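Student: Just the structure for this:
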Amino acid sequence: MDRILRPGGAVIFRDQAEVLVKVRIIVKGMRWNTKMVDHEDGPPISEKVFIAVKRYWVAGDNTTSSN
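Tutor: Residues are numbered from 1 along each chain as shown. This is a model prediction of the structure:
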């Protein structure tokens, strides 16, 4: 998915919190920005919504750009 999605593109996952925590580890390794929010029925529901946005970055560079 990293090769398909352009920088600034977003992916939305909806699944159980335990699954999304595992996905978050992988996505953080790709240097994407992430956010996990509660289900529309509230926090007691174990299903969550996970949003990941691909950032623009260059390998070997310590700085990143949000362009």
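Student: For residue 25, grab phi and psi.
Tutor: Here is the backbone geometry of residue 25 (degrees, to the nearest 10): phi -60, psi -40.
Student: Residue 52 versus that one, what's the distance?
Tutor: 12 Å (Cβ to Cβ, to the nearest Å). All C-beta spots, glycine's among them, are computed from the backbone N, C-alpha and C.
Student: the more surrounded of the two?
Tutor: The residue with more neighbours, out of residue 25 and residue 52, is residue 52; 22 against 8, by other Cβ atoms under 10 Å.
Student: For the more buried one, give me its contacts.
Tutor: Going by Cβ atoms under 8 Å, 6 or more residues apart in numbering, residue 52 touches 10-13, 23, 27, 32-34.
Student: Secondary structure element holding it?
Tutor: Under the criterion of DSSP states H and E, residue 52 resides in strand 47-53.
Student: Quick check: buried residues in that strand?
Tutor: 48, 50, 52-53 (16 or more other Cβ atoms under 10 Å).
Student: ok, so of these, who is nearest residue 60?
Tutor: Nearest to residue 60 among those is residue 53, at 22.1 Å by Cβ to Cβ.
Student: So what sits opposite the most centrally placed residue in the chain in the bridge?
Tutor: The centre of the chain sits closest to residue 52, judged by Cα atoms, centre = their mean, with a distance of 2.4 Å. Going by DSSP bridges, residue 52 is paired in beta bridges with residue 11, residue 34.
Student: residues touching the closest residue to residue 10 other than its chain neighbours, list them.
Tutor: Leaving aside its sequence neighbours, residue 10 sits nearest to residue 53 (Cβ to Cβ, 6 or more residues apart in numbering; 4.7 Å). For residue 53, the contact set (Cβ under 8 Å, 6+ apart) comprises 8-11, 32-34.
Student: at 10 Å what do you get?
Tutor: Neighbour list for residue 53: 5, 7-11, 27, 32-35, 66 [criterion: Cβ atoms under 10 Å, 6 or more residues apart in numbering].
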